[in-house]
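# my questions concern the predicted model and sequence given below.
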Amino acid sequence: MTNAKDEILRRVRAALADGPEAPEPARAYRRSSDRPLGDVLEMLVDRLEDYKAVVHREDAGSIAGRIEQLLGRSSRYVIPTGLDQEWLPPDSAARVRMVDSGHARRVGALTVRELDAVDAVVTSSTVSCAETGTIFLNARPDEGRRAITLVPDHHICVVPVSRVVELVPEAMGRVDPERPITMISGPSATSDIELQRVEGVHGPRRLDVVLLDDAEAARG
Amino acid sequence: MSVTQLGMPRVHHGSGNIVAREPFPDFARRELRNEQLRANLGFATHTIRSKRASVVGELPDWQELRTAGSEIKQRVMARLPELLEQFEENVTARGGHVHWARDAGEANRIALDLIRAEGAEEVIKIKSMATQETGLNEYLEEHGIGAVETDLAEEIVQMGEDKPSHILVPAIHRNRTEIRDIFLNRMPGVDLGLTDDPPALADASRRHLREKFFRTGVAISGANFGVAETGTLAVVESEGNGRMCLTLPDTLITFMGIEKLVPSFEDLEVFFQLLPRSSTGERMNPYTSLWSGATPGDGPQNLHVILMDNGRTAALADEVGRQALHCIRCSACMNVCPVYERAGGHAYGSTYPGPIGAILSPLLTGVEDHANNSLPYASSLCGACYEACPVKINIPEVLVHLRGKDVDARHGRGESGTRRKAPDQMDALMAGAKAVFSNAKLLSLAERGLPVGRLAAGRKHRISKLPGIAGGWTEYRDVPEPPSQSFRHWWRKNRRNGAARRPAGERADVEALLAANAGLAESLHGRFAAESEERQRAADRAALEAKAEEKQEVQEGVSRELAEGEGPRDTEAGRTAPERPKPDVGKLARAGAEAGDGATAGAETGAGEDGPGTGSGGGHGSGGGHGSGGGPDLSDQGPGRTDPEPTGNAPLENEEER
């Protein structure tokens, strides 16, 4: 018996004996946005809210206060190593941040059980697509490994304004396929029972998006 | 696996849950009695359909995206050998392992070996059509490995020992109370006070599966896309069970059909727009995961991809049918299909239901064998599926093509190249038709038989049962009463002086005819206008006479009553053929007299009927297609019908793209 790979490839070649055409795909769809940033941001907020994410518009001065409020008075929450800690409220006796090392097998990584026990996770994000209301996580140091944004029930995700684009192709152009990518559009949801949408099944049931006006920082 | 001879190269068909065990019409007939299935499916398909329409309408470049999607997939098929090798290279370079499976059985065996190597007794699964196709769950159970479905709907289907009825919402045939009962009976550790509120049911599933996600070492997934250039795999989902399976276990085994490739990472930007909008009618599904090999310290470290043929190369060998491999499993074609909406997903007898299933299943398995040869007929060829398809698969075209292949196969001219079978009823019918239609005298003789048909139609004025294979037609429809004479006979009698008869076999001199008829059209228009006016006057006279007749019976203003008399007759419409005005006038007028006054509408029904064929009463012939008493109209899906009609809007688009 020949090996399966050789045989399948031989079958494929035989099936293509008629030499079908391989067209160069016409990419006549929109690939770059011509909308002003203000409109794009408005669109992002609209789409995020449509998917039951809660959006908060903040700037460098107000973000820590907002996150403090979202975490609540008593909270044990996890953050990735690269997160800008200026965004966070000071720790207190009842509110403690835990930094995940980013590598499941290295010291300082939270176990799945520990992640299940925390109240929330705070991360940044790589890029967000306004047209679809999608946040892209790309496992960078300010986003962490995939498990930390999956197991905790509450995800507070910072979306810097400088990382917002309008279109899917623009967003896809900003992620690196060599690292894991998670695209998030609202909290987890199901419509499996009589098509009634239920927010929150296995992923975080609560998604807060902090839209951070870093435009000045980006210009400067 | 069956092997079929196709000219020189052998075609290898697929196996597994893609082979219908029963012809579509038989299954559908049973399923149609399931009121709940029909109601739920109707609701689901219509809801998703309108959501889809609204989010598709948001994109000004939807057609450009469809074109790009179609072209990318054409390119994939044309360059499949090199792309497969490139994909394997890139997955391997990033620490993954690629396995090749010729058919469903081989894919299952590879998975079993990998699971055993990990020492696992249970695996968690993401909803995957590929593993449904191979029957992996059943195979693993047989070998002592539990496979836990983690998608809520799949979990319901699995616990209910059921089959999915829709690829997107597999448990749509179950209502909330049934789901609660299934959970109460089958879910370990379930709260006995569980209500049938959907959030409560979803929460029960969350609690039940959370432990499984945390403990299980092996997960099994399908793949929506595989990128040759980077070795990236993509899974789109909603609930987060996918992310759990793709992130927490240490071993991940991904089943992927060889057609799921795209050449470059950039190509995903097209499909990530086409798929969610076509599928759930969302701008984007809640979660999409992409991974390229293993990432140290993040997610599964032991990654396997099983590349599966299972009949795909057989589909690829079919020059018309190979476009079915472009399918991205969105289910838009099902949600717009009038047949699927009523018959449901089970009736297709395969993992792949609906319009795409009707072409994909027989392409994978070959049309010669099994009940799959009934699937290409499970369509009215209305073309809605083609319109909805995000990658422009011309499903009606492939359906017609496969019907042709089926007919060829049944008559021994199929791929299997077997000897011709003995002529059957259809052959006899066709031979007879050929003889009659190619000889004017024979045809004329046959037409003399029309009154016999009227006799057969009887007082109902319709024929509801024909003998032999023609009975297939009347199974779902009535044939209207034939006219008392054919058009040809009518013409000969009424327009005999129009032209000199031409001896049989002599060619018409077209030029001479044109010259002889110059200016005829205008004069005929004038004449017909005059005749029509005359008919109108005659009708008015008749109406007046009728009124005069009535005056003797009823001492009231007859014209009002005659018009009012249309009322009661209408209520009988559909059951009673429209009667000629004359014998009814008395009854109608009496009814009218009781009903009081009204307008003068519609009194001239039946007047001016001097043309051929309308003698049996205009209105009721059209009832033929829906004769089976308001039931769902499966008429066009009956086996044996080759529908020559062009398909909806399809030809228009066809021109644009080819």
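Now that the structure is in, tell me what you want to look at.
# quick one: list the elements packing against the host helix or strand of residue A:170.
According to DSSP states H and E, residue A:170 maps onto helix A:168-172. Helix A:168-172 is packed against strand A:127-129, strand A:134-137, helix B:268-279, with contacts defined by 3 or more C-beta pairs under 8 Å, 6 or more residues apart in numbering or on different chains; DSSP states H and E. Backbone N, C-alpha and C define where each C-beta goes, glycine included.
# partners of the first one, with directions?
This means strand A:127-129. strand A:134-137 (antiparallel), strand A:164-165 (parallel) (DSSP bridges).
# pull the distance from the longest one to the chain's centre.
From the chain centre to the centre of strand A:134-137 is a distance of 3 Å (C-alpha atoms, centre = their mean, to the nearest Å).
# any idea how many residues pack against residue A:106?
Residues contacting residue A:106 under the criterion other C-beta atoms under 10 Å in any protein chain shown number 10.
# OK, contacts around the residue nearest to residue A:197 when sequence neighbours are not counted?
Leaving aside its sequence neighbours, residue A:197 sits nearest to residue A:191 (C-beta to C-beta, 6 or more residues apart in numbering or on different chains; 5.0 Å). Counting by C-beta atoms under 8 Å, 6 or more residues apart in numbering or on different chains, residue A:191 touches A:197, A:198, B:169, B:238, B:280.
# could you do residue A:185 as well?
Contacts of residue A:185 by C-beta under 8 Å, 6+ apart are A:47, A:51, A:132, A:133, A:134, A:135, B:282, B:283, B:284, B:285, B:286, B:287.
# from chain B, how far off is the fourth one?
Spelled out, it's residue A:133. For residue A:133, the distance to chain B equals 6 Å [C-beta to the nearest C-beta, to the nearest Å].
# thought that residue was touching residue A:187?
No. Contact criterion C-beta atoms under 8 Å: residue A:133 and residue A:187 do not qualify, at 11.8 Å.
# list residues touching both of the two?
Shared contacts of residue A:133 and residue A:187, defined by C-beta under 8 Å, 6+ apart, are found at A:51, A:53.
# what's near enough to touch residue 124?
I went with chain A, as the question did not name one. Residues near residue A:124 by C-beta under 8 Å, 6+ apart: A:82, A:83, A:84, A:140, A:142, A:143, A:157, A:158, A:160.
# you answered for a different chain; I wanted chain B.
Contacts for residue B:124 (C-beta under 8 Å, 6+ apart) come out as B:148, B:150, B:209, B:212, B:213, B:216, B:218, B:219, B:220, B:244, B:245, B:249.
# is the third one in a helix, a strand, or coil?
Assigned state for residue B:209: helix (three-state reduction, DSSP: H, G, I helix; E, B strand; the rest coil).
# what is the mean pLDDT for the helix or strand harbouring residue B:182?
Secondary structure from DSSP H and E places residue B:182 in helix B:176-186. Across helix B:176-186, pLDDT averages out at 93.
# which ones, among the contacts of residue B:124, also lie beside chain A?
When C-beta under 8 Å from any C-beta of the partner chain is applied, the members of those adjacent to chain A are B:150, B:209, B:213, B:244.
# excluding its backbone neighbours, what's nearest the last one?
Nearest non-adjacent residue to residue B:244, counting by C-beta to C-beta, 6+ apart: residue B:213, 4.2 Å away.
# which strands and helices sit next to the biggest helix by length in chain B?
In chain B, taking DSSP state H as the definition, the longest helix is helix B:520-553. Packed against helix B:520-553, as judged by 3+ C-beta pairs under 8 Å, 6+ apart, are the following elements: helix B:558-564, helix B:581-595.
# how far off centre is that helix?
48 Å.
# check which residues of it are buried.
Within helix B:520-553, the residues scored as buried using 16 or more other C-beta atoms under 10 Å in any protein chain shown are B:539, B:542, B:543, B:546, B:547, B:550.
# for the first one, give its distance to chain A.
Spelled out, it's residue B:539. Distance from residue B:539 to chain A, counting by C-beta to the nearest C-beta: 55 Å.
# can I assume residue B:254 is in contact with residue B:224?
No. Residue B:254 sits out of contact with residue B:224 when judged by C-beta under 8 Å, with a separation of 10.6 Å.
# nearest to residue A:77, out of the helices and strands packed on helix A:168-172?
Relative to residue A:77, the nearest member of the helices and strands packed on helix A:168-172 by C-beta to C-beta is strand A:134-137, separated by 16.8 Å.
# now the closest one - C-alpha only, CSV.
C-alpha atoms of strand A:134-137 as CSV (Å, rounded to 0.1, in the frame of the first residue of the first chain):
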residue,chain,number,x,y,z
THR,A,134,-14.3,43.1,16.5
ILE,A,135,-11.4,43.3,18.9
PHE,A,136,-8.2,41.5,17.9
LEU,A,137,-5.9,40.0,20.5
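# what is the mean pLDDT for that strand?
Averaging pLDDT along strand A:134-137 yields 98.
# which neighbouring elements make contact with whatever helix or strand comes next after it?
Next helix or strand after strand A:134-137 toward the C-terminus (DSSP H and E): strand A:154-160. Applying 3+ C-beta pairs under 8 Å, 6+ apart, one finds that strand A:154-160 contacts helix A:63-71, strand A:120-123, strand A:206-213.
# direction included, what does strand A:154-160 pair against?
strand A:120-123 (parallel), strand A:206-213 (parallel).
# out of these, which one sits most buried?
Most buried of these, by mean neighbour count (mean count of other C-beta atoms under 10 Å in any protein chain shown): strand A:120-123, with a mean of 24.
# contacts for it, please.
Here strand A:120-123 makes contact (C-beta under 8 Å, 6+ apart) with A:67, A:70-71, A:75, A:77-80, A:83, A:87-88, A:97, A:115, A:137, A:142-144, A:148-149, A:152-158, A:204.
# change it to 7 Å
A:67, A:71, A:75, A:77-80, A:83, A:88, A:142-144, A:148-149, A:152, A:154-157 (C-beta atoms under 7 Å, 6 or more residues apart in numbering or on different chains).
# any of these buried? List them.
Applying 16+ other C-beta under 10 Å to the contacts of strand A:120-123 flags A:67, A:71, A:75, A:77-80, A:83, A:88, A:142-144, A:148-149, A:152, A:154-157 as buried.
# about what we covered before: for chain A, state which of the buried residues of helix B:520-553 is nearest.
Nearest to chain A out of these is residue B:539 (C-beta to the nearest C-beta; 54.8 Å).
# CA atoms only: put stretch A:59-67 into CSV for me.
In CSV, the C-alpha atoms belonging to stretch A:59-67 read as follows (Å, rounded to 0.1, in the frame of the first residue of the first chain):
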residue,chain,number,x,y,z
ASP,A,59,-8.5,59.4,28.3
ALA,A,60,-5.2,59.0,30.0
GLY,A,61,-6.5,61.0,33.0
SER,A,62,-9.7,59.1,33.6
ILE,A,63,-8.9,55.5,32.6
ALA,A,64,-7.6,54.3,36.0
GLY,A,65,-10.7,55.6,37.8
ARG,A,66,-12.9,53.9,35.2
ILE,A,67,-11.1,50.6,35.6
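# what is the rounded mean pLDDT of that stretch?
Taken as a whole, stretch A:59-67 has a mean pLDDT of 97.
# ok and the residue in the stretch 451-600 of chain B nearest chain A?
Closest point on the stretch 451-600 of chain B to chain A, by C-beta to the nearest C-beta, is residue B:476, at 30.3 Å.
# what's the local residue count around that residue?
Neighbours around residue B:476, by other C-beta under 10 Å: 20.
# pLDDT at it, what is it?
Listed pLDDT for residue B:476 reads 73.
# ok, now the one 5 residues further on?
In the prediction, the pLDDT value recorded for residue B:481 is 83.
# the strands in the stretch 401-550 of chain B, which residues?
B:462-463, B:479-480 (DSSP state E, counting those that start in this stretch).
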